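Chemist: Curious how this folds, go ahead:
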Amino acid sequence: MLTGVPFVGVYRGPRLESVHAVAACASDAFGNVLLALGSIDEPVFLRSSAKPFIAAAGVRAGIVERFGFDDRELAVMSASHNGEEIHLAAVLSILKKIGARVEDLHCGAHAPSYPPAAAALRARGAVPTALHNNCSGKHAGILALARVLNAPLAGYMEPGHPAQRAILALCERLSDDRFPADRLGIDGCGIPVYATSLRNAARSFARLAALADLDPGDAAALARVRAAIVAEPDYVAGTGRFDTDVIRAGNGRIVAKGGAEAVHATALLDGGIGLVLKVVDGGSRAAAPAALALLRRLGALDAEQERVLAAHARSAVANAAGVIVGEIRPLGTVEGEARRPRAL
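Modeler: As a prediction, this is how the structure comes out:
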């Protein structure tokens, strides 16, 4: 059972009302653990944090050479996007290049995650389609992979489909792990999702950061995906989103990708470090404050970056009238220790 350490508090006024426990691991590309919090050897579903690796499987197979994808298209393949117009345009461009349709996306439909985009859709009297799903870019990328593999588009979400086998094989290589049936689940958008330990996940993201201890083809694919992500952070999430803001603040040196159930992963390119955390109860409101506190502890953020990201480090709690009545922030003892890089 995954266990964590009390780490993020929800305050109402000055009083602590709720606490989120967090498990986390930071590692280098060779598996040396630099920071450990809670249980780091219990398998955890990485959910959408694994999307850069899914995109890299396509790049490894040759989708860029075959279809001429640009940075924006590769970034949206790695995205949990807001459903803003730029995201929809990038996904449609992918589909056009591979000769597929929106109807070929089987991720399901939901309204755009970005409230203004959802409001604009309603104002037009339109209904959401699979294009608006935050995972539509990933699914379009998997369809491109299927094309390159000369595999059918039908059934592309099944674990036995050639595209999914290629994706899982790459993820196994990156994490030095294996994913039998009991380590696989179905993600919210319908594709297979794997469970690995935080130790292995941190090493995967350290390999993304350092491009070390990798097969040359895997390293080249990861390098291409991470270049797209840092070049086009707006396409990875969108307006007001934590991942987009962290990547932009990193000035080309940080890749960040969150996932459902409060998983979050960061690749620190300068140090060749991967950091992956899981809020044990799945409370997504605690993920950004926890990630920033741990990045501070690793010495990964300078004063200006902390200033730019301050709204994510301590988020407001508002009542129904919009009045601020509290905040979500790291517990005082954690915040006080945050600048001392050390194993916990």
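Chemist: Which residue ranges of the chain form helices?
Modeler: Applying DSSP state H to the chain gives helices spanning 51-61, 63-67, 71-77, 85-98, 115-123, 136-148, 162-175, 198-210, 216-231, 242-249, 287-297, 303-308, 310-313, 332-337.
Chemist: Could you list every helix and strand in contact with the third one?
Modeler: Translated: helix 71-77. Using 3 or more Cβ pairs under 8 Å, 6 or more residues apart in numbering; DSSP states H and E, the elements in contact with helix 71-77 are helix 51-61, helix 85-98, helix 136-148, helix 216-231. Glycine gets a C-beta too; all of them are placed from N, C-alpha and C.
Chemist: now do the longest one
Modeler: Contact analysis of helix 216-231 by 3+ Cβ pairs under 8 Å, 6+ apart lists helix 51-61, helix 71-77, helix 162-175, helix 198-210, strand 254-259 as its packing neighbours.
Chemist: who's in contact with it?
Modeler: 52-53, 55-57, 59-60, 64, 70-72, 74-75, 78, 170, 173-174, 207-208, 211-212, 214, 236, 247, 250, 252-255, 267, 269 (Cβ atoms under 8 Å, 6 or more residues apart in numbering).
Chemist: what about it, distance to the chain center?
Modeler: 15 Å (Cα atoms, centre = their mean, to the nearest Å).
Chemist: Can you check what angle separates it from helix 242-249?
Modeler: Helix 216-231 and helix 242-249 are oriented at 90 degrees to each other (axes from the mean of the first three to the mean of the last three Cα atoms, to 10 degrees).
Chemist: Give me the residue at the spatial middle of the chain.
Modeler: K257 (2.4 Å; Cα atoms, centre = their mean).
Chemist: what's near enough to touch it?
Modeler: Here K257 is in contact with S48, S49, K51, P52, S78, S80, V236, D243, H264, A265, T266 (criterion: Cβ under 8 Å, 6+ apart).
Chemist: What separation do you get for it and P14?
Modeler: 34 Å (Cβ to Cβ, to the nearest Å).
Chemist: again with R147
Modeler: 57 Å.
Chemist: Of the two, which one has the most company?
Modeler: Neighbours were counted for R147 and for P14 using other Cβ atoms under 10 Å; R147 has more, 21 against 6.
Chemist: show me the contacts for that one.
Modeler: Neighbour list for R147: I63, R66, F67, I98, G99, A100, L153 [criterion: Cβ under 8 Å, 6+ apart].
Chemist: Check A166 too.
Modeler: A166 sits next to A57, R60, A61, L145, L149 when contact means Cβ under 8 Å, 6+ apart.
Chemist: In JSON lines: those residues, plus neighbour count, pLDDT and distance to G9.
Modeler: As requested, those are arranged in JSON lines below (neighbours: other Cβ atoms under 10 Å; pLDDT from 0 to 100; distance: Cβ to Cβ, whole Å):
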{"residue": "A57", "neighbour count": "25", "pLDDT": "98", "distance to G9": "39"}
{"residue": "R60", "neighbour count": "25", "pLDDT": "98", "distance to G9": "42"}
{"residue": "A61", "neighbour count": "23", "pLDDT": "98", "distance to G9": "45"}
{"residue": "L145", "neighbour count": "29", "pLDDT": "98", "distance to G9": "43"}
{"residue": "L149", "neighbour count": "17", "pLDDT": "98", "distance to G9": "48"}
